[in-house]
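# predicted model and sequence below, questions to follow.
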Amino acid sequence: MRRLATSDLAEFQSYRHDPQLGQYQGWSPTTDAEASSFLSEMSSAEVLLPGIWIQLGIADPASLTLIGDIGLLLAEDGRHAEIGFTLCRQWQGRGIATAAVRAALDLVFEQTRAERVLGVTDSRNLPSIRLLERVGMRQLEARNATFRGEDCLELIYAIFRQRQK
Ligand SMILES: CC(C)(COP(=O)(O)OP(=O)(O)OC[C@H]1O[C@@H](n2cnc3c(N)ncnc32)[C@H](O)[C@@H]1OP(=O)(O)O)[C@@H](O)C(=O)NCCC(=O)NCCS
């Protein structure tokens, strides 16, 4: 994992405009100008400030080229955090997102006093569910939701500080 940078624009826009990748995600593709401003903000934003999402990059370890990102939100009261993740399709299937999510969980538990980290996923998003379970998260609850005008089931996963590793 590394900081996002404005020089990541091309790679960031490439995977963020992949409809398959964004199918179950809260974000939508943005213009280059908006994405550039977002990358600039994220390049220097303070990490894990309560109530503010921070997006960190997942990079190819050899070239440091951006291949995905991880979002982290520490709750206002600091007692839990939430994680989201995206990996571009060419790099999937090798355990890279799993490694990045593990590193992000370490970061949260080392840098904050959060007792648990939540991962929220659509029940149809099987790769995401497999990843959450691979890193040791367990399903806490399922709730009916509406996503982009469609009824769906949202699964809430969690990992607790004591159970990590
Ligand atoms: C969710 C997402 C990141 C998972 O990507 P992924 O490539 O399956 O995850 P990883 O990089 O950790 O790779 C794990 C896969 O590689 C395999 N793999 C191969 N070598 C591996 C290794 N050394 N270690 C771990 N897994 C390995 C695993 O078996 C697994 O495949 P499987 O799920 O078919 O069993 C990806 O599908 C994605 O970006 N989706 C769109 C965004 C999204 O919906 N995010 C979730 C909502 S927050």
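Cool, got the structure. Numbering: from 1, shown residues only.

# quick one, helices of the chain?
9-16, 19-22, 32-44, 96-111, 126-134 (DSSP state H).

# TSV for those, including distance to residue 159 and mean pLDDT?
(Each C-beta comes from the backbone N, C-alpha and C, glycine too.) Listed next are the helices of the chain as TSV, based on distance: least, CB to CB, whole Å; pLDDT from 0 to 100:
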stretch	distance to residue 159	mean pLDDT
helix 9-16	26	98
helix 19-22	24	92
helix 32-44	24	98
helix 96-111	6	97
helix 126-134	8	98
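
# looking at this protein, which residue is nearest the ligand?
residue 95 (2.3 Å; CB to the nearest ligand atom).

# burial count for that residue?
Number of residues near residue 95 (other CB atoms under 10 Å) recorded here: 11.

# check residue 14 too.
Counted with other CB under 10 Å, residues neighbouring residue 14 total 14.

# name the nearest residue to it, sequence neighbours excluded.
Leaving aside its chain neighbours, residue 14 sits nearest to residue 88 (7.1 Å; criterion: CB to CB, 6 or more residues apart in numbering).

# so that neighbour touches residue 67, yeah?
Yes - if you go by CB atoms under 8 Å, residue 88 and residue 67 touch, sitting 5.2 Å apart.
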